[in-house]
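# Coordinates for the following, if possible.
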Amino acid sequence: MANAYRRPEGENNEPVIRQYNISNMNQIMSKSLKPLALFFALGGVWDTIAGFLYIFVIGTGRSIDNPPMDPFYSIFLGSFFLCFAYLQFMSALNIKRYAFNVGCLIIGRVFYIVLLYSYMVFVPGFPDSFWFTGIIDGFLTISYLIFAVKGGLSLRELFLPEIK
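Numbers count the residues shown, from 1 in each chain. Got it, this is the predicted structure:
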């Protein structure tokens with residue numbers, strides 16, 4: 001049975017030597033994505049906390065029940081937060097490869113912030129219980145953008161990855 005992984009070979013079964021653009025590699029090596037990876041992992045910590053809160057604390061008849069939410073939906077939301085956290089932790093380990101995940105979380109966090117504050121301002125009686133979460137998510141979003149750009153990632157790499 002053939003191996004599932006084979007290295008590329010040219011004529012006469014010689015290994016193929018790939019050529020890389022040296023100036024592009026120097027640019028990548030000179031800019032660090034470590035701060036972005038760190039803040040992406042911190043976003044995972046924040047989403048883990050939110051996940052556990054939604055699963056165990058938030059919902060009708062629980063410690064935090066304003067706005068009212070059926071426990072099923074709070075557990076459902078909590079499971080998504082835990083999935084997002086896992087995605088962020090794993091992506092932070094190889095942030096250059098998974099830069100598109102950063103872009104997805106930027107879009108999601110911006111949508112959440114706009115939705116949260118729109119409801120707080122324009123919906124009469126909507127509680128302001130979670131105002132601080134918008135600030136934390138805003139801080140994370142701005143940090144992602146700053147450290148992605150400083151690390152040499154383009155907006156295209158964040159939001160429109162190259163398809164090979």
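# Where in this structure is the helix or strand with the lowest mean pLDDT?
helix 22-30 (a mean of 46; mean pLDDT, DSSP states H and E).
# Does the following helix or strand past that helix pack against any helices or strands, and if so which?
Going down the chain from helix 22-30, the next helix or strand is helix 34-56, by DSSP states H and E. Under the contact criterion of 3 or more CB pairs under 8 Å, 6 or more residues apart in numbering; DSSP states H and E, helix 34-56 touches helix 71-92, helix 99-122, helix 131-150. C-beta coordinates here come from the backbone N, C-alpha and C atoms, glycine included.
# Tell me which residues touch residue 117, please.
Shown in contact with residue 117 (CB atoms under 8 Å, 6 or more residues apart in numbering): residue 134.
# Need the pLDDT of it.
We have a pLDDT of 95 for residue 117.
# returning to that earlier point: Serialize the helices and strands packed on helix 34-56 to JSON lines and add fields for distance to residue 51.
Below are the helices and strands packed on helix 34-56 laid out as JSON lines (distance: least, CB to CB, whole Å):
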{"stretch": "helix 71-92", "distance to residue 51": "3"}
{"stretch": "helix 99-122", "distance to residue 51": "14"}
{"stretch": "helix 131-150", "distance to residue 51": "13"}
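# Nearest approach to residue 61 belongs to which of these?
Of all those, helix 71-92 sits nearest to residue 61, with 7.0 Å by CB to CB.
# quick one: contacts of that closest one?
37-38, 40-41, 43-45, 47-48, 50-56, 58-62, 98, 101-102, 105, 108.
# so how far is that helix from its chain's centroid?
Relative to the centre of its chain, helix 71-92 is centred 11 Å away, using CA atoms, centre = their mean, to the nearest Å.
# Give the buried residues for that helix.
Neighbour counts over helix 71-92 (16 or more other CB atoms under 10 Å) mark 71, 74-75, 77-78, 81-82, 84-85, 87-89, 91-92 as buried.
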